[in-house]
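Peer 1: I would like the atomic coordinates for the input below:
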Amino acid sequence: MLRQAMLAISKSRRAERLVSTSPLTADVVRRYVASDIGAVVGELTRRGLLVSVDHLGEEVTDEAQARAAVATYVSLLDLLPAGADVSVKLTALGLRLSQRLAQGHAATICAAAEGRGVTVTLDAEEHDTIPGLHAVHAALRRDHPEVGVVVQAYLPDSLDRCEKLGGARVRLCKGAYTAPGAYARTADIDRSFVRCLKVLMSGTGYPMVATHDPRLLRIASTLAVLDGRDVTGFEYQMLYGVRPEEQTRLAGLEARMRVYVPYGSDWYAYLMRRLAERPRNLAFFLRSLASRR
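Peer 2: As a prediction, this is how the structure comes out:
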């Protein structure tokens with residue numbers, strides 16, 4: 001119920017106005033959303049961490065907004081080192097308007113990124129966009145084989161998705177949305193995550209393990225050993241501002257540790273989804289608010 005309530009709040013314009021204008025919110029947002037993306041990327045890179053950068057914004061309503069999103073991502077590439085990744089939501093590129101439009105825009109970003117030694121990962125969104133996401137990903141892979149895609153373990157078809165993504169870069173996460181028939185209990189989502197992880201680790205692609213859960217991190221490292229993957233054969237991913245000490249520790253072990261860095265003014269929906277993912281996140285963010293008073 002809490003998860004559903006938080007996700008509902010993430011779509012509320014009234015709640016967005018209240019949260020966005022709170023004097024306490026801005027300080028917390030700066031801890032989890034980069035205000036100066038160039039400076040943040042530079043600092044993380046100096047610490048031996050990889051980055052995946054997400055320009056916040058989604059659900060555009062016209063083609064001009066979609067073109068502006070493409071231009072933003074192309075400009076962003078100037079700030080990123082080789083080996084970085086950009087995370088792209090297809091609804092920001094016009095998926096709600098036309099799948100063909102979004103695919104064309106994504107192809108433009110992929111081509112520009114390849115020229116800079118940067119990868120692109122197509123992010124997952126609401127459940128009704130998932131068929132379009134995977135259709136666009138499959139089409140793009142023909143010309144841009146390094147383009148990655150996100151699979152959300154809370155969806156019942158996640159295992160089937162992973163089995164069909166042989167050879168692909170796949171970011172596996174638990175998921176921050178709701179869907180009819182989706183797994184809702186934490187234990188069920190975790191079991192789905194592990195089933196998917198087993199397929200990805202034993203497969204021919206490149207797994208990107210997106211979780212902060214210590215138990216799932218241990219399972220991932222164990223599966224990597226059992227399946228003969230060295231430190232270059234997969235990576236961990238964590239959110240900017242969450243468990244930074246663990247991120248540094250993993251990088252110190254020579255693991256590929258990538259930090260997902262969101263930036264931009266359209267941060268409200270992102271922040272609310274992070275709170276909705278797990279009840280403990282809400283307490284975590286509330287403590288953050290209290291600690292800044």
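
Peer 1: which secondary structure state does Tyr183 sit in?
Peer 2: State at Tyr183, reduced to three classes by DSSP: H, G, I helix; E, B strand; the rest coil: coil.

Peer 1: correct me, but it touches Ser192?
Peer 2: Yes. Tyr183 sits in contact with Ser192 when judged by Cβ atoms under 8 Å, with a separation of 5.7 Å. For glycine as for every other residue, the C-beta is placed from the backbone atoms N, C-alpha and C.

Peer 1: list the buried residues in the helix or strand hosting Ser75.
Peer 2: Using DSSP states H and E, Ser75 maps to helix 63-76. Using 16 or more other Cβ atoms under 10 Å as the burial criterion, the residues of helix 63-76 that qualify are Ala66, Arg67, Ala69, Val70, Tyr73, Val74, Leu76.

Peer 1: residues contacting the closest residue to Leu101 other than its chain neighbours?
Peer 2: When the adjacent residues along the chain are set aside, Leu101 lies closest to Gly94, with 4.3 Å between them (Cβ to Cβ, 6 or more residues apart in numbering). With contacts defined as Cβ atoms under 8 Å, 6 or more residues apart in numbering, Gly94 is in contact with Val60, Glu63, Gln65, Ala66, Leu101, Ala102, His105.

Peer 1: could the residues you listed go into a markdown table alongside pLDDT and distance to Glu235?
Peer 2: A markdown table is the format used below for those (pLDDT from 0 to 100; distance: Cβ to Cβ, whole Å):
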| residue | pLDDT | distance to Glu235 |
| --- | --- | --- |
| Val60 | 94 | 30 |
| Glu63 | 97 | 35 |
| Gln65 | 97 | 32 |
| Ala66 | 98 | 29 |
| Leu101 | 98 | 31 |
| Ala102 | 98 | 26 |
| His105 | 98 | 26 |
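
Peer 1: ok, of the residues you listed, which one's closest to Asp188?
Peer 2: Looking at these and their distance to Asp188, the nearest is Ala102, at 31.1 Å (Cβ to Cβ).

Peer 1: off-centre distance for the helix or strand where that closest one lies?
Peer 2: For Ala102, the host element (DSSP H and E) is helix 99-114. Here the centre of mass of C-alpha atoms in helix 99-114, compared against the chain's by Cα atoms, centre = their mean, to the nearest Å, lies 18 Å away.

Peer 1: buried residues in it?
Peer 2: Buried residues in helix 99-114, counted by 16+ other Cβ under 10 Å: Gln99, Leu101, Ala102, Gln103, His105, Ala106, Ala107, Thr108, Ile109, Cys110, Ala112, Ala113.

Peer 1: residues touching that helix, excluding its own?
Peer 2: Counting by Cβ under 8 Å, 6+ apart, helix 99-114 makes contact with 63, 66-67, 69-70, 73-74, 77, 86, 88, 90-91, 93-95, 119-120, 122, 132, 135-136, 139-140, 143-144, 146-147, all of which sit outside it.

Peer 1: any chance of JSON lines for the buried residues of helix 63-76, columns distance to Leu56?
Peer 2: Below are these laid out as JSON lines (distance: Cβ to Cβ, whole Å):
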{"residue": "Ala66", "distance to Leu56": "15"}
{"residue": "Arg67", "distance to Leu56": "17"}
{"residue": "Ala69", "distance to Leu56": "10"}
{"residue": "Val70", "distance to Leu56": "15"}
{"residue": "Tyr73", "distance to Leu56": "12"}
{"residue": "Val74", "distance to Leu56": "17"}
{"residue": "Leu76", "distance to Leu56": "12"}
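
Peer 1: the helix or strand just after the helix holding Ala102 packs against which elements?
Peer 2: Toward the C-terminus, helix 99-114 is succeeded by strand 119-123 as the next helix or strand (DSSP H and E). Contacts of strand 119-123 with other secondary structure elements, assessed using 3 or more Cβ pairs under 8 Å, 6 or more residues apart in numbering; DSSP states H and E, are made with strand 85-89, helix 99-114, helix 130-141, strand 148-152, strand 169-173.
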